[in-house]
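*Asks:* Could you work out the structure for the sequence below:
(chains A and B)
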Amino acid sequence: MAIGDDTVFELARRLRFQWEEAQAAYVLLYPEGMVKLGQSAGEILKRVNGSSPVSEIIGDLERTFPGADLRQDVTDFLEHAREKGWINARQP
Amino acid sequence: MPGSPDPPLWLLAELTYRCPLHCVFCYNPVDYTAYGAELATDEWIRVLREGRSLGATQLGFSGGEPLVRDDLEVLVAEARRLGYYSNLITSGIGLNERRIAAFKDGGLDHIQLSFQDSTRELNDFLSSTRTFDLKRRVAKLIKQYDYPMVLNVVLHRHNIDHVQQILDLALELEAEYVELANTQYYGWAYLNRDQLLPSREQLERAEAVVARFRERAGNAMKIYFVVPDYHETRPKACMNGWGAVFLCLTADGLALPCHEARMLPGLEFPNVRDRDLRWIWYDSPAFNGYRGDEWMKEPCRSCPEKVKDYGGCRCQAYMLTGDAANADPVCDKSPYHARVTQAVERAEQVRPAVGTKPVLFFRDDKNSRALSGASPREPVA
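*Replies:* Model prediction:
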């Protein structure tokens, strides 16, 4: 399924997403492991909340980081995150 | 010491050495009955805080059997407040609905449940208990409370031929992960090594079963196969390096860079009752003892693979060669490698006659007292 403006993602059930002071980064925690996220990945996942559609996430990021066209970057990362099993598209 | 080490990521809290099981392959020290009092609740809480402020994220509650501690609910809740991702590593004995509900409320993240075998007979024989049916009930409870479940089975000669049935059992119990952990020969397992080492043929059959299962079952269940290093020619990258990511805290408060390090001579392992974790991790002589590669001897020192395996396991080097700074003799570049291959060959010779039970040391207090003071080392020629 292609990612559309109205697609709503939620974090996978087994994962925890949190800020790590010692790493100065957002991380994903899961049984026996951790993924340290780059800055943009962290900023995108922070906005994945099970209720905001993709268009809202892009809009919010473009307001926070003005001057950038982020649509492609955001959808590319969400696609990647879905392949990794970090996020799921919510059934409407 | 080149540079400053990274912070620890993994904290393992071995809350107690007490255990209702008596497994023959237990990695706990044989002389566990000789150690001092367990850390109290408030001491654990202080140490968990120190670990979190250092940057540790993964926390394992282990033992012995951690459920023996009646303050586990308190520690679980504190771990969640601090932001750890926490794992209960248990035999399941003592896990009832009241306790698992409290763990869920407190924020425990996942549970690793051990089985000794897929059959009642062998599970109960190897643990010297009648626990098989109880463990099955506990597995149901874990799923009922919507926990991700890691099913852990330690493999050795007596159960490795049941890998297919073990995987079927794991599927039936809806485990998300299965850890097929070939026995690592420390502690009680080392004592019973001749009776536990599988043959190469057994191992190859098991590996083929796992490969077929992975093809068939796909991603439904993830299988970790912990390699049996005695059958290898290169050592494991033990703990991803000494003092690199892993920090083990024993029931009596010692801080160790691995589960087994307290056996090593010449290093004084700090106790969390005397020192804070920051000093222990960054500054203690023990944690700096085998960091980096300055300490290495040949063949490790000039070996290009040292960045990959860090020379293997210091404890295994000590146990099998008498010097912890030697290469882990699993490596076939080690002049002591024959001690590993001979152990495998010797184990082939000592199979008990049909119809007789093997001679095994069960992990219990009586055996521990009787065996305390015995060296964990082979007599070095």
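*Asks:* since we're on the residue in chain A that chain B sits nearest to, how many residues are nearby?
*Replies:* Using Cβ to the nearest Cβ, the single residue of chain A nearest to chain B is A:Ala22, 2.6 Å away. In short, each C-beta sits where N, CA and C put it, glycine included. Look at A:Ala22: counted by other Cβ atoms under 10 Å in any protein chain shown, it has 16 neighbours.
*Asks:* List phi and psi for the residue of the stretch 151-300 of chain B found nearest chain A.
*Replies:* When scored by Cβ to the nearest Cβ, the stretch 151-300 of chain B has B:Tyr177 as its residue closest to chain A, at 6.5 Å. Reported as degrees, to the nearest 10, the phi and psi values for B:Tyr177 are phi -130, psi 140.
*Asks:* same deal with A:Phe9?
*Replies:* According to degrees, to the nearest 10, A:Phe9 has phi -110, psi 150.
*Asks:* For it, give the beta-bridge partners.
*Replies:* Note on A:Phe9: beta-bridge partners by DSSP bridges are A:Ala89.
*Asks:* With the one 10 residues further on instead?
*Replies:* As for beta bridges, A:Trp19 partners with A:Tyr26 under DSSP bridges.
*Asks:* List the contacts of it.
*Replies:* Contacts for A:Trp19 were tallied using Cβ atoms under 8 Å, 6 or more residues apart in numbering or on different chains; they are A:25-27.
*Asks:* Disregarding residues adjacent in the polypeptide, which is nearest to residue 50?
*Replies:* Using chain A. A:Glu10 (3.6 Å; Cβ to Cβ, 6 or more residues apart in numbering or on different chains).
*Asks:* oops, I was thinking of chain B
*Replies:* B:Leu277 is the one closest to B:Glu50 (Cβ to Cβ, 6+ apart), at 3.9 Å.
*Asks:* How many neighbouring residues does the one you found have?
*Replies:* 25.
*Asks:* then the strand or helix carrying B:Asn87 to CSV, C-alphas only?
*Replies:* B:Asn87 belongs to strand B:85-90 when elements are defined using DSSP states H and E. Extracted in CSV, the C-alpha atoms of strand B:85-90 (Å, rounded to 0.1, in the frame of the first residue of the first chain):
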residue,chain,number,x,y,z
TYR,B,85,13.6,-1.3,28.8
SER,B,86,13.4,-4.2,31.2
ASN,B,87,13.4,-7.9,30.8
LEU,B,88,12.6,-10.6,33.4
ILE,B,89,14.8,-13.6,32.8
THR,B,90,13.1,-16.4,34.6
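*Asks:* Report the mean per-residue pLDDT for that strand.
*Replies:* The average pLDDT within strand B:85-90 is 97.
*Asks:* Tell me which other helices or strands it touches.
*Replies:* With contacts defined as 3 or more Cβ pairs under 8 Å, 6 or more residues apart in numbering or on different chains; DSSP states H and E, strand B:85-90 has these neighbours: strand B:58-62, helix B:72-82, strand B:110-115.
*Asks:* give me the element B:Val150 is part of.
*Replies:* Using DSSP H and E, the element containing B:Val150 is strand B:149-155.
*Asks:* Ok, B:Ala206 next?
*Replies:* Using DSSP H and E, B:Ala206 falls in helix B:200-217.
*Asks:* Any buried residues in that helix, and which?
*Replies:* By 16 or more other Cβ atoms under 10 Å in any protein chain shown, the buried positions in helix B:200-217 come out as B:202-203, B:205-207, B:209-210, B:213.
*Asks:* do stretch A:66-84 as well
*Replies:* Buried residues in stretch A:66-84, counted by 16+ other Cβ under 10 Å: A:70, A:74-75, A:77-78, A:81-82.
*Asks:* got the buried residues for stretch B:260-272?
*Replies:* Within stretch B:260-272, the residues that count as buried by 16+ other Cβ under 10 Å are B:260-264, B:267, B:269-272.
*Asks:* Output those residues in CSV, with secondary structure, pLDDT and distance to B:Lys143 appended to each entry.
*Replies:* Below are the buried residues of stretch B:260-272 laid out as CSV (DSSP: H, G, I helix; E, B strand; the rest coil; pLDDT from 0 to 100; distance: Cβ to Cβ, whole Å):
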residue, secondary structure, pLDDT, distance to B:Lys143
B:Glu260, coil, 94, 33
B:Ala261, helix, 96, 36
B:Arg262, helix, 94, 36
B:Met263, helix, 93, 38
B:Leu264, coil, 95, 41
B:Leu267, coil, 95, 43
B:Phe269, coil, 97, 39
B:Pro270, coil, 98, 40
B:Asn271, strand, 98, 39
B:Val272, coil, 98, 35
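*Asks:* Skipping adjacent residues, who's closest to residue 77 in space?
*Replies:* You didn't say which chain, so I picked chain A. Among residues not flanking A:Phe77 along the chain, A:Ile44 sits closest, at 5.4 Å (Cβ to Cβ, 6+ apart).
*Asks:* Can you look at chain B instead?
*Replies:* Closest to B:Ala77 by Cβ to Cβ, 6+ apart is B:Gly106, at 3.6 Å.
*Asks:* from the middle of its chain, how far away would stretch B:69-78 be?
*Replies:* Using Cα atoms, centre = their mean, to the nearest Å, the distance from the centre of stretch B:69-78 to the centre of the chain it belongs to is 22 Å.
*Asks:* quick one, what contacts the nearest residue to B:Phe361 once chain neighbours are set aside?
*Replies:* Spatial nearest neighbour of B:Phe361, chain neighbours left out: B:Leu191 (4.9 Å); criterion: Cβ to Cβ, 6+ apart. Counting by Cβ under 8 Å, 6+ apart, B:Leu191 touches B:30, B:361, B:371.
*Asks:* And the residue nearest the centre of chain A, what's its pLDDT?
*Replies:* Nearest to the mean C-alpha position of chain A, counting by Cα atoms, centre = their mean, stands A:Leu45 at 2.4 Å. For A:Leu45, the model assigns a pLDDT of 97.
*Asks:* Residue of chain B nearest chain A, please.
*Replies:* B:Gly55 (2.6 Å).
*Asks:* what packs against the helix or strand bottoming out on mean pLDDT in chain B?
*Replies:* Least confident helix or strand, chain B: helix B:120-127 with a mean of 87, by mean pLDDT, DSSP states H and E. Applying 3+ Cβ pairs under 8 Å, 6+ apart, one finds that helix B:120-127 contacts helix B:132-144.
*Asks:* Restrict stretch B:102-115 to CA atoms and write it as PDB.
*Replies:* C-alpha atoms of stretch B:102-115 as PDB (Å, rounded to 0.1, in the frame of the first residue of the first chain):
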ATOM      1  CA  ALA B 102       1.800  -6.200  39.200                       C
ATOM      2  CA  PHE B 103       4.700  -6.400  36.700                       C
ATOM      3  CA  LYS B 104       2.400  -5.200  33.900                       C
ATOM      4  CA  ASP B 105       1.200  -2.300  36.000                       C
ATOM      5  CA  GLY B 106       4.800  -1.500  37.000                       C
ATOM      6  CA  GLY B 107       5.900  -1.400  33.400                       C
ATOM      7  CA  LEU B 108       8.000  -4.500  32.800                       C
ATOM      8  CA  ASP B 109       8.600  -4.800  29.000                       C
ATOM      9  CA  HIS B 110       9.300  -8.400  28.200                       C
ATOM     10  CA  ILE B 111       9.900 -11.800  29.700                       C
ATOM     11  CA  GLN B 112      12.400 -14.600  28.900                       C
ATOM     12  CA  LEU B 113      11.100 -18.000  30.000                       C
ATOM     13  CA  SER B 114      13.500 -20.900  30.100                       C
ATOM     14  CA  PHE B 115      12.600 -24.500  29.300                       C
END
